[in-house]
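Asker: Task: produce atomic coordinates for the following.
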Amino acid sequence: MPVTPEEFRDALGRWASGITIVTSRCGARVHGMTVSAFSSVSLDPPLVLVCADKDSDTCALIAESGAFAVNILARGQDELSRRFAAKENEERRFEDLAVESAVTGSPLLPGLASLDCTLVAAHDAGDHVIYVGRVEALRHSPDAEPLLYYKGSYRKLS
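Answerer: Numbers count the residues shown, from 1 in each chain. Next comes the predicted model:
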């Protein structure tokens, strides 16, 4: 019997994960989206992967620009995560945000850490694209705690 998308989502919801906002810029166009499917891949060279929904504007922009930033959110950034996860008002996600520009041009948001990446590979994966990026620059806040997501809710370390 095949697994339904609802069953699959429910099972994976039991995996606690950090929350990121993946951003990209190409010319004047800037997009970003909330992503929990993020992982380190290699230390040498420094590689990470993100899984991007094919229907998102950000997915196409990453392919076009050849670069993206992974902004790892800190505890208390629940609302920022929700803003970049909502399908509506995608063009207004960056309004009133303190955004810096990375070496690649991708937007860097305040939070736990930011990884500025150049695209090295893209793999088709169902309704997503797996993007592998080489980390070209990074910054992090040593004292911040991560924003966690578990069973459909934001959580904090106890």
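Asker: Give the helix, strand or coil label for A11.
Answerer: Reducing the assignment at A11 to three states with DSSP: H, G, I helix; E, B strand; the rest coil gives helix.
Asker: Pull the number of nearby residues for it.
Answerer: By other CB atoms under 10 Å, 10 other residues sit near A11. C-beta coordinates here come from the backbone N, C-alpha and C atoms, glycine included.
Asker: can you offset everything so residue one is 826?
Answerer: Let's use 826 as the start, then, which means that last one is A836.
Asker: distance of it from D952?
Answerer: From A836 across to D952, the span is 17 Å (CB to CB, to the nearest Å).
Asker: Shouldn't A888 be within a helix?
Answerer: Yes - assessed by three-state DSSP, A888 belongs to a helix.
Asker: Run a quick neighbour tally on D835.
Answerer: D835 has 12 neighbours, counted by other CB under 10 Å.
Asker: Now do the strands in the protein.
Answerer: Secondary structure of the chain (DSSP state E): strands located at 842-843, 845-851, 854-860, 863-867, 872-878, 892-897, 925-926, 932-933, 938-950, 953-965, 973-975, 978-980.
Asker: Now the fifth one: buried residues?
Answerer: Pointing back at strand 872-878 there. By 16 or more other CB atoms under 10 Å, the buried positions in strand 872-878 come out as 872-877.
Asker: how close does T929 sit to I887?
Answerer: Distance, T929 to I887, using CB to CB: 11 Å.
Asker: more crowded one of those two?
Answerer: The neighbour comparison of T929 against I887 (other CB under 10 Å) goes to I887, with 27 against 20.
Asker: any idea of the pLDDT on the more buried one?
Answerer: Looking at I887, its pLDDT stands at 97.
Asker: What residues does it make contact with?
Answerer: The contact partners of I887, by CB atoms under 8 Å, 6 or more residues apart in numbering, come to 847, 849, 877, 893, 944, 956.
Asker: again, 7 Å this time
Answerer: Shown in contact with I887 (CB atoms under 7 Å, 6 or more residues apart in numbering): 849, 877, 893, 944, 956.
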